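Student: Structural data only, the sequence is not supplied:
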């Protein structure tokens, strides 16, 4: 049984930070910071985070994933005339 299959069977398709922290062995706020940094791929939908079992399994199996955030069309200091 793979890590993904184990997590999917135990938690379903999505996890809370508390559930993920039990699997990793870290505090739930540390897991949230790791998601915000991009160490674990997660999606922020409004004020909520969506952490999938697949993303956590990939992190546990492979360590830090390459994450490329979406590029901005303009920088904050660009003045459009």
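Tutor: Everything's here; your move. In this text the structure is predicted, and so the values were computed from the model without any measurement.
Student: what's next to the one helix or strand residue 61 maps to, contact-wise?
Tutor: Take DSSP states H and E as the rule and residue 61 turns out to sit in helix 53-62. With Cβ atoms under 8 Å, 6 or more residues apart in numbering as the test, helix 53-62 has contacts from 2-4, 6-8, 11-15, 20, 23-24, 39-42, 65. (C-beta placed from N, C-alpha, C; glycine too.)
Student: Let me know the average pLDDT across stretch 21-41.
Tutor: Across stretch 21-41, the average pLDDT comes to 92.
Student: Next: stretch 60-76.
Tutor: 63.
Student: Mind jotting down where the helices sit in this protein?
Tutor: Taking DSSP state H as the criterion, the chain carries its helices at 3-11, 17-24, 28-37, 53-62.
Student: can you pull the buried residues of stretch 25-45?
Tutor: Residues 31-32, 34-35, 40-42 are the ones in stretch 25-45 that count as buried (16 or more other Cβ atoms under 10 Å).
Student: For the residues you listed, which two are the farthest from each other?
Tutor: With distances taken as Cβ to Cβ, the most widely separated pair in those is 32 and 41, at 13.4 Å.
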